[in-house]
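K.L.:
return a 3D structure for these sequence lines:
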Amino acid sequence: MLKDDRPIIREQAAHSLSRFKAAASPAVAALSAALKDEYIDVRAAAAQAFGEIGPSALKAVPELKEALADPNEAVRTAVSAALDKLK
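P.N.:
Next up is the predicted model:
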């Protein structure tokens, strides 16, 4: 679903994964790719999901740090919050 053609589906998939917490850890690679999605809401939802997944998402810290340079403030805020939760 994170690779669906429709941005709303990709965004909702990321939000859904966040509800699974650590059980969503198999999706970390796909969420990392979503941090580079062309749509702001998808990138922000992916970042938020990492914070909810918790320590299982630590391998995505390099991608999250890279996303701190996102041109959109909402994405940067979501990334920063996720990094804070992963400390």
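
K.L.:
contacting residues for the residue lying closest to Ala74 once chain neighbours are set aside?
P.N.:
Leaving aside its sequence neighbours, Ala74 sits nearest to Ala44 (Cβ to Cβ, 6 or more residues apart in numbering; 5.2 Å). Where C-beta positions appear, they are placed from N, C-alpha and C, glycine not excepted. Applying Cβ atoms under 8 Å, 6 or more residues apart in numbering, we find Ala44 in contact with 72, 74-75, 78.

K.L.:
and the pLDDT for the residue nearest to the spatial centre of the chain?
P.N.:
Geometric centre of the chain, nearest residue: Ala46, 2.0 Å, by Cα atoms, centre = their mean. Ala46 carries a pLDDT value of 98.

K.L.:
tell me the first helix or strand C-terminal of the helix or strand it falls within.
P.N.:
Per DSSP states H and E, Ala46 falls inside helix 40-53. Counting by DSSP H and E, the next helix or strand C-terminal to helix 40-53 is helix 61-67.

K.L.:
tell me the mean pLDDT for the host helix or strand of Glu11?
P.N.:
Using DSSP H and E, Glu11 sits within helix 7-19. What helix 7-19 shows for mean pLDDT is 97.

K.L.:
run the chain-centre distance for the helix or strand that that helix is followed by.
P.N.:
Following helix 7-19 in sequence order, the next helix or strand is helix 28-34 (DSSP H and E). With Cα atoms, centre = their mean, to the nearest Å as the basis, helix 28-34 stands 7 Å off its chain's centre.

K.L.:
good, wrapping up.
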